[in-house]
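K.L.:
From the sequence below, what's the structure:
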Amino acid sequence: MAFVGTLVSINVSEEKGTKKVPVARARLGAEGIEGDAHAGAWHRMVSLLAEESVDKMRAAGLDVGPGAFAENLTTRGLDLLALPLGTRLRVGADAVLELTQHGKECHSRCAIYYQAGDCVMPREGVFARVQTGGEIHTGDEIVVEERKLEG
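P.N.:
Model prediction:
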């Protein structure tokens, strides 16, 4: 079984709790995607959401695309929630992320919920910290470098 996916979209925003705008490339620095509102010295530096999750929202009638749920990286071909915490993902040639959290608790409905009518990120998004920085590009391969064993 191959553990390789594709980076469908890189998304950034200047403010938290808003839709992110797709960009063709970005730099993963020590605290996340440079220039993104969610960057910082914490365990949720970078958020990932599978395009398959976005597809489910489209099938439910929502007019959404990459970045609509404030995810930094929209992926295809990886079951992100099935990857145990601690798993490392190589994005492109140099960048490495380590998964730190599955889903999140939403304390209040943010602008995304009101704009999209629902938010899949709390249920199906994952979060990571940067282990090794580097330039990433839309279309880059995402390779599961190390899978932690649960139990």
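
K.L.:
least trustworthy helix or strand in this protein by mean pLDDT?
P.N.:
Using mean pLDDT, DSSP states H and E, the weakest-scoring helix or strand in the chain turns out to be helix 111-116, at a mean of 60.

K.L.:
what's residue 87 sitting at in phi/psi?
P.N.:
Residue 87 has phi and psi values of phi -60, psi 140 when expressed as degrees, to the nearest 10.

K.L.:
Show me the strands in this structure, by range?
P.N.:
4-12, 21-23, 25-29, 32-33, 46-50, 73-76, 88-91, 95-102, 126-132, 134-137, 141-146 (DSSP state E).

K.L.:
how about those strands in JSON lines, adding distance to residue 63?
P.N.:
Yep, even glycine has a C-beta here, placed from its N, CA and C like the rest. Shown next, in JSON lines, are the strands of the chain (distance: least, Cβ to Cβ, whole Å):
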{"stretch": "strand 4-12", "distance to residue 63": "16"}
{"stretch": "strand 21-23", "distance to residue 63": "15"}
{"stretch": "strand 25-29", "distance to residue 63": "25"}
{"stretch": "strand 32-33", "distance to residue 63": "25"}
{"stretch": "strand 46-50", "distance to residue 63": "17"}
{"stretch": "strand 73-76", "distance to residue 63": "16"}
{"stretch": "strand 88-91", "distance to residue 63": "28"}
{"stretch": "strand 95-102", "distance to residue 63": "27"}
{"stretch": "strand 126-132", "distance to residue 63": "24"}
{"stretch": "strand 134-137", "distance to residue 63": "26"}
{"stretch": "strand 141-146", "distance to residue 63": "26"}
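
K.L.:
Same list (the ones you listed) but as a markdown table, adding distance to residue 57 and mean pLDDT.
P.N.:
Formatted as a markdown table, the strands of the chain follow (distance: least, Cβ to Cβ, whole Å; pLDDT from 0 to 100):
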| stretch | distance to residue 57 | mean pLDDT |
| --- | --- | --- |
| strand 4-12 | 15 | 97 |
| strand 21-23 | 16 | 96 |
| strand 25-29 | 24 | 97 |
| strand 32-33 | 23 | 96 |
| strand 46-50 | 10 | 95 |
| strand 73-76 | 12 | 98 |
| strand 88-91 | 23 | 97 |
| strand 95-102 | 18 | 96 |
| strand 126-132 | 17 | 96 |
| strand 134-137 | 24 | 98 |
| strand 141-146 | 21 | 91 |
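
K.L.:
Make CSV from the ones you listed and add distance to residue 61 and mean neighbour count to it.
P.N.:
CSV is the format used below for those (distance: least, Cβ to Cβ, whole Å; neighbours: other Cβ atoms under 10 Å):
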stretch, distance to residue 61, mean neighbour count
strand 4-12, 21, 21
strand 21-23, 22, 14
strand 25-29, 31, 18
strand 32-33, 30, 26
strand 46-50, 19, 25
strand 73-76, 20, 24
strand 88-91, 31, 23
strand 95-102, 26, 20
strand 126-132, 25, 21
strand 134-137, 32, 17
strand 141-146, 29, 16
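
K.L.:
Great, nothing more from me.
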